[in-house]
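Trainee: Below: sequence and its predicted model.
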Amino acid sequence: MHRRLVSSNLRIQVSATAQLVFSVAVSAEHEPAQERLSLTVDGDPIDVEELLAPNGGRLHRAVNVPVGQLIVDYAATIDGQAPPAPLQGIDEVLYTRPSRYCDSDRLAALSGAHFDGLEGSALVSAVRAWVHDKIAYRSGSSRGVDGALDTYIARAGVCRDFSHLAIAFLRARNVAARFVSVYAPGLKPMDFHAVTEVWLDGAWQLFDATGLAPRQAMVRICTGRDAADTAFMTTLGGRTQLESVRVEAQIDGDLPSDDGLGLSLLS
């Protein structure tokens with residue numbers, strides 16, 4: 001795999017002393033050749049604590065962030081591939097249960113109607129194709145509180161909505177599936193991206209129901225039940241206003257070719 005260069009810059013107005021958590025650093029599965037993370041308020045650096053989340057996610061917590069403009073600036077250079085993600089002891093239970101945005105219990109009857117009689121790779125392929133073909137990718141079409149059933153009804157959403165619906169369909173068929181935030185070279189417009197991993201044939205395998213970027217070039221950030229576990233910014237206390245987000249993801253060389261139809265390991 002070619003070298004990948006990823007970065008993100010968040011500008012946040014803090015209007016009351018805040019506690020914030022960020023998920024912008026690449027997963028602990030990667031060993032970046034270069035990496036930097038800085039947090040400043042009105043130009044002054046502030047302390048940050050790194051916390052390791054399940055499945056390799058690296059969260060950065062800042063407490064008692066003072067009033068002012070907070071800038072979070074991150075960049076990393078990734079060489080080579082991360083090892084395949086292992087199956088943790090709890091994964092097949094955790095990622096088969098309904099969750100905040102993947103309300104598979106509410107979609108059980110619908111999933112049964114759409115995918116009755118399918119299992120294994122045939123089921124996964126059918127779910128990916130259904131979400132890709134039936135849901136329109138439309139920026140700004142969904143709310144931050146929308147779950148998989150809302151997306152099913154609206155027939156439109158952004159990448160997180162595509163992933164939530166695919167995950168909910170699979171969990172409703174008793175298949176372990178999970179939500180992954182990534183940097184995605186080739187994505188247009190560039191932003192943080194969300195994809196789906198499913199436990200199949202003894203490995204966590206990746207699909208992207210949006211088909212908007214080649215999977216082979218993606219870099220894992222965080223893994224969880226749904227977007228609640230992987231949000232790039234969480235305000236735990238105080239008052240904040242996100243002013244801007246800038247994300248960059250590039251690959252040194254040509255982008256891989258990806259028809260989006262099969263399954264792939266996330267590198």
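Mentor: Nice, thanks for sending it over. Source: prediction; values computed, not measured.

Trainee: tell me the pLDDT at the closest residue to residue 42 other than its chain neighbours?
Mentor: Nearest in space to residue 42, with sequence neighbours left out and distances taken as C-beta to C-beta, 6 or more residues apart in numbering, is residue 68 at 4.1 Å. Heads up, the C-betas are built off the backbone N, CA and C, glycines and all. Each residue has a pLDDT score; the one for residue 68 is 98.

Trainee: Isn't residue 68 up against residue 41?
Mentor: Yes. Under the contact definition of C-beta atoms under 8 Å, residue 68 touches residue 41, with a separation of 4.4 Å.

Trainee: Report pLDDT for residue 92.
Mentor: The model's pLDDT for residue 92 equals 92.

Trainee: wait, what's in contact with it?
Mentor: The neighbours of residue 92, taking C-beta atoms under 8 Å, 6 or more residues apart in numbering as the test, are 176, 199.

Trainee: now it: how far from residue 175?
Mentor: Here the criterion is C-beta to C-beta, to the nearest Å. By it, residue 92 lies 10 Å from residue 175.

Trainee: tell me, what's touching those two both at once?
Mentor: residue 199.

Trainee: before we move on, back to that, can you give me the neighbour number for the residue nearest to residue 42?
Mentor: For residue 68, the tally of surrounding residues (other C-beta atoms under 10 Å) stands at 16.

Trainee: cool, and the one 10 residues further on?
Mentor: Counted with other C-beta under 10 Å, the burial measure for residue 78 works out to 25 neighbours.

Trainee: Isn't it up against residue 32?
Mentor: Yes. Counting by C-beta under 8 Å, residue 78 does reach residue 32; the two are 5.7 Å apart.

Trainee: Now list whatever residues contact both of the two.
Mentor: Common neighbours of residue 78 and residue 32, counting by C-beta under 8 Å, 6+ apart, are residue 26.

Trainee: Show me the chain divided up by domain.
Mentor: The domain map for the chain lists 4-82+231-251, 91-229, with the assignment taken from automatic domain parsing.
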